[in-house]
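S.K.: turn this into a structure:
(one chain, ligands or ions: 1)
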Amino acid sequence: MSEAMQETRTASAPPPAHYDVIVVGGGLGGLYALHRLRALGLTVRLFEAGSGVGGTWFWNRYPGARCDVESMEYSYSFSNDLQQQWVWPERYGTQPEILRYINHVADRFDLRRDIQLNTRVTSALFDPDVRRWTLKTEPGDVVSARFCVMASGNLSTPRVPDFKGLAGFRGRCYHSGLWPHEGVDFSSQRVAVIGTGSSGVQMIPLIAAQADRLTVFQRTANFSLPARNAPLDPERERRHKEHYPARRRAALETPFGIAGHPAPTQSARQVTEQERQRAYEAKWAEGGSISFLYSYTDLLVDQASNDTAAEFVRQKIRGIVHSPAIAEILAPKDHPIGTKRLCLDTNYYETYNRNNVSLVDVKHDPIVEITASGLRTASTEHGPFDAIVFATGFDAMTGALREIDIRVQDGGTLADEWQAGPRTYLGLMMAGFPNMFVVTGPGSPSVKTQMILAIEQHTDWIADCLVHMREQGFTKIEAARPAQDAWVQHVNEVADSTLYPLANSWYVGANIPGKPRVFMPYVGGFAGYNQKCDAVANNGYEGFVMTT
Ligand code: N01
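M.R.: Purely as a prediction, here's the structure:
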């Protein structure tokens, strides 16, 4: 495993072509993997397509981009010094602030010397005879490694729908996930935004405030709750930091990987209408999505209970938006609340009261084509527009991995293997693809949790596994197909016992035409999942096959 360990390098020397581990992706997952695995004495090289580290937070620079998990939670826990010393200015971190934090981590832990930027991994080929992966990159590197750790992200493949006429649009086009680094000034412009997921909901109020006119094209109305962002109260910060390690441990015992929200004890159906209203009002005033979904035990599993929360939010929308007709378009009625990613906003619904903002319901009046100067729906010509902003989302969870030509010598590709939907064992490995780990892959809680906690849990598991292999003299590990089949079945059964599959969400790939409809994240809760991973490891890596 450690044939490259002895090599010494200087800053100017070309990197060696053989490593113990290649990490793909320089976001929060990849950086922690590099830090953790290098500390084991392994030679590690990290490839990142962008010109800087940060992953999601490097690319998504649209106006208003901000995390919807509170800053004190959405941060690394592996270094107590780091979490004690870093000061988050606001309740929810802005994109520039989070990127600053990530860069600080890269410097503080001296990660940059093993990171190669501007390098997109294009293929990975496993040779069973030598038990090594050979990776090729877009600038033309050819490197080999015993192990690959794919930290290529769950929401890292931006997607612009294949609209007729798009290439002929004479104005500027932007995607939320590929935002120009220098920013965009929409002053005096007529702007169209397509998409009202988390990205659209965050950017729309800011673009509306700057642009001359904004037209929003909404296909699915989304539920959004007030974030109630504010400067972080120093006393609250002090109290949090005083118990930081204990809070992090407590987070491991929760379904969403976030501590501080007492688990509900009652069904929404067990209490009176009055009591429910009081509870929802309190959560609405507090802000945040976890707290709201945690109002009752069964909001995500019982339609009638869910209806009570959904109706509460619909009434709020009707109360905020002055035009009853617009309020009805904005009030979601086609999916249970929380089954698409619940958005958090600052003045989202209020924005539709501005007289420079209009809303087009493209579910009932679909976009037919982009014209040279605007956009045509079935009934109307919209525009002219100076700019169209696509807040149309990502090829989520599988896109980044499927884009790399991953294959085993003389075998099929991972993309072929996943034609009917992703298949993994614990979201960590794929049967038939030895020595390739995934950080927060499909089949793990990933996007349904506090992502950084999920990243640390996965990476720690991978690190422990590599130590075990080194100690036992194993050079190859692979997920066993029966274990993977059983896990995939379990992931589906758990999802089917909830309301999640009722929504056309990116969790099921519904935003990508032709993508198989498979529920991709594991929604059985982070705590149980973590215990399962520990049990597997403690049981001799049950379900994995290791060979010397
Ligand atoms: O993407 P989305 P996103 N015609 O897929 C619409 C994370 N995130 O970038 O719902 C017309 O959610 C699409 O309509 P529909 C977070 O996990 C976090 O906003 O498919 N419309 C939808 O309205 C989030 O869930 C943060 O019917 C089309 C929108 O585009 C995930 O990233 C911030 C269309 C896409 O919404 C993705 O969010 C931002 C078409 N052909 C993102 N195709 C925070 O932490 C798509 N749409 C706060």
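S.K.: so which residues on the stretch 301-450 of the chain come close to the ligand?
M.R.: Within reach of the ligand by C-beta under 6 Å from any ligand atom, the stretch 301-450 of the chain has these residues: 341, 344, 362, 367, 391-394, 447. Glycine gets a C-beta too; all of them are placed from N, C-alpha and C.
S.K.: please pick the buried ones from those residues.
M.R.: Taking 16 or more other C-beta atoms under 10 Å as the criterion, what is buried in these is 341, 344, 362, 367, 391-394, 447.
S.K.: secondary structure added to those residues, as CSV?
M.R.: Below are those laid out as CSV (DSSP: H, G, I helix; E, B strand; the rest coil):
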residue, secondary structure
Arg341, coil
Leu344, strand
Val362, coil
Ile367, strand
Ala391, coil
Thr392, coil
Gly393, coil
Phe394, strand
Val447, helix
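S.K.: what would the residues you listed look like in JSON lines with pLDDT and distance to Ser123?
M.R.: Below are these laid out as JSON lines (pLDDT from 0 to 100; distance: C-beta to C-beta, whole Å):
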{"residue": "Arg341", "pLDDT": "95", "distance to Ser123": "32"}
{"residue": "Leu344", "pLDDT": "97", "distance to Ser123": "38"}
{"residue": "Val362", "pLDDT": "98", "distance to Ser123": "38"}
{"residue": "Ile367", "pLDDT": "98", "distance to Ser123": "36"}
{"residue": "Ala391", "pLDDT": "98", "distance to Ser123": "31"}
{"residue": "Thr392", "pLDDT": "98", "distance to Ser123": "28"}
{"residue": "Gly393", "pLDDT": "97", "distance to Ser123": "26"}
{"residue": "Phe394", "pLDDT": "96", "distance to Ser123": "22"}
{"residue": "Val447", "pLDDT": "94", "distance to Ser123": "26"}
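S.K.: for the residue in the stretch 351-500 of the chain that the ligand sits nearest to, what are its contacts?
M.R.: Here the residue of the stretch 351-500 of the chain nearest the ligand is Gly393; by C-beta to the nearest ligand atom that distance is 2.5 Å. Counting by C-beta atoms under 8 Å, 6 or more residues apart in numbering, Gly393 touches 155, 158-159, 195, 197, 199, 506, 511.
S.K.: now the strands: where do they sit in the stretch 151-300 of the chain?
M.R.: Along the stretch 151-300 of the chain, counting by DSSP state E, counting those that start in this stretch, strands occupy 172-175, 190-194, 213-218, 224-226.
S.K.: which residues touch stretch 359-371?
M.R.: 163-166, 168-169, 194, 215-220, 326, 329-330, 352, 375-383, 388.
S.K.: of those residues, select the buried ones using a PyMOL command.
M.R.: Command for PyMOL, covering only those of the contacts of stretch 359-371 found buried under the criterion 16+ other C-beta under 10 Å:
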select buried, resi 163+169+194+215+216+217+218+219+220+326+329+330+352+375+376+377+382+383+388
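S.K.: which positions in the stretch 151-300 of the chain make contact with the ligand?
M.R.: Listed as neighbours of the ligand in the stretch 151-300 of the chain under the rule C-beta under 6 Å from any ligand atom: 155, 161, 176, 194-200, 202, 219-220.
S.K.: pLDDT for the residues you listed - can I get that in CSV?
M.R.: Below are these laid out as CSV (pLDDT from 0 to 100):
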residue, pLDDT
Leu155, 95
Pro161, 96
Ser176, 98
Ile194, 98
Gly195, 98
Thr196, 98
Gly197, 98
Ser198, 97
Ser199, 98
Gly200, 98
Gln202, 98
Arg219, 97
Thr220, 97
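S.K.: so which of those residues belong to helices?
M.R.: The subset of these located in helices under the criterion DSSP state H comprises 198-200, 202.
S.K.: just those now: which is nearest Asn356?
M.R.: Among those, Gly200 lies closest to Asn356 (C-beta to C-beta), at 16.9 Å.
S.K.: any idea how far Leu502 is from that closest one?
M.R.: Per C-beta to C-beta, to the nearest Å, Gly200 is found 22 Å from Leu502.
S.K.: Thr498 contacts Leu300, doesn't it?
M.R.: Yes. In terms of C-beta atoms under 8 Å, Thr498 counts as a neighbour of Leu300; the distance is 5.3 Å.
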